[in-house]
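Novice: Got a predicted structure here, sequence first:
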Amino acid sequence: MAFRILFVCLGNICRSPLAEGVFRRVAAEAGVADRFEVDSAGTGPWHVDEPPDRRMRDTARRRGVPIDDLRGRQVSAADLRDFDLVLAMDRDVLHDTLYLAPDADAPHVRLFREYDPEPGDYQVPDPYYGGPGGFDEVFEIVERTARAMLERLVDDG
């Protein structure tokens, strides 16, 4: 049975779909894609069924990670039950996601950058209201973190 990972951000149009696409790519490159089931969601309903933000799609495509086929969805309480690891992109998203937990004990719901070898403040900045440089910065953070995370999950599993 595949290990199930859910990436969560605010609207599921920038950070979490990028993390989904990048993790799929690094797992495929490592020859372990079949060991993982990956998805993404947002805490809010604003972009349900919409593709990722055009700027994020362009950034990802330039770097070899097409995410055009992904569609936004909202995280649910069932996701916290069904996924082995739920990774929030920032502290606010973590708080909102944990609110869905049926009890206070949800150790599998964590910050994505806990896996980052250079975690900074442990948050992936939201590039939505910034310029193009923010999307490139987020890509670099997500790719570095996804690679480190994959290595750790493969070593642990």
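Specialist: It's in.
Novice: biggest helix in this structure by residues?
Specialist: Ranked by number of residues, the top helix in the chain under DSSP state H is helix 132-156.
Novice: Off-centre distance for it?
Specialist: For helix 132-156, the distance from its own C-alpha centre to the chain's C-alpha centre is 9 Å (Cα atoms, centre = their mean, to the nearest Å).
Novice: Who are the packing partners of it?
Specialist: helix 15-29, helix 54-62 (3 or more Cβ pairs under 8 Å, 6 or more residues apart in numbering; DSSP states H and E). Just so you know, the C-beta spots here come from the backbone N, C-alpha and C atoms, and that holds for glycine as well.
Novice: What ranges in this protein fall below the confidence cut-off?
Specialist: 104, 157 (pLDDT under 70).
Novice: Could you pull up the contacting residues of the closest residue to Val124 other than its chain neighbours?
Specialist: Closest residue to Val124 apart from its sequence neighbours, by Cβ to Cβ, 6 or more residues apart in numbering: Met89 at 4.3 Å. By Cβ atoms under 8 Å, 6 or more residues apart in numbering, the contact set of Met89 is Phe7, Val8, Cys9, Leu10, Arg15, Ser16, Ala19, Leu111, Phe112, Gln123, Val124, Asp126.
Novice: cutoff 10 Å now
Specialist: By Cβ atoms under 10 Å, 6 or more residues apart in numbering, Met89 lies in contact with 7-10, 14-16, 18-19, 40, 42-43, 97, 111-113, 123-126, 138, 141-142.
Novice: what does Asp79 give?
Specialist: Counted by Cβ under 10 Å, 6+ apart, Asp79 has contacts Arg4, Leu6, Val8, Asp39, Ala41, Arg73, Val86, Thr97, Leu100, Val109.
Novice: coming back round to it: quick one: buried residues of the longest helix of the chain?
Specialist: For helix 132-156, the buried set under the neighbour-count rule, 16 or more other Cβ atoms under 10 Å, comprises 134-135, 138-139, 141-150, 153.
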